[in-house]
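**Student:** can you look at this prediction? I've put the sequence above it.
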Amino acid sequence: MLQLFFLGILVIPQTMGLEVFMVPGKGPVFPAPLDTPADFFHLTENVDVEKELGYVYQAITLIHHRLEGRVPLYGFIGTP
């Protein structure tokens, strides 16, 4: 037996300032996608990773402690 931890890949573009909406029957939609090289200048340059994604580390730590070494914890990030 093992424990899985999944994190959707969309947290990365959201952290960098892109809006993402989930549209039923369609999936994730970016209202202002990165279509040209100039669009990259609209992204957040210096992301405070601890502030923006600290909840991920906290969740992993909490799960790890609750498992007490009984089963392995595998983490992955992905998207459909």
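**Tutor:** Yes, it's here.

**Student:** ok, residue 73 touching residue 59?
**Tutor:** No. Using CB atoms under 8 Å, residue 73 makes no contact with residue 59, being 10.8 Å away. Backbone N, C-alpha and C define where each C-beta goes, glycine included.

**Student:** which residues are in contact with each of those two?
**Tutor:** Shared contacts of residue 73 and residue 59, defined by CB atoms under 8 Å, 6 or more residues apart in numbering, are found at residue 5.

**Student:** wait, is residue 5 part of a helix?
**Tutor:** No. Using DSSP: H, G, I helix; E, B strand; the rest coil, the secondary structure at residue 5 is strand, not a helix.

**Student:** tally of neighbours for the residue nearest to it when sequence neighbours are not counted?
**Tutor:** Closest residue to residue 5 apart from its sequence neighbours, by CB to CB, 6 or more residues apart in numbering: residue 75 at 4.2 Å. Using other CB atoms under 10 Å, residue 75 is surrounded by 14 other residues.

**Student:** for residue 75, what are its contacts?
**Tutor:** Neighbouring residues of residue 75 by CB under 8 Å, 6+ apart: 4, 5, 6, 7, 60.
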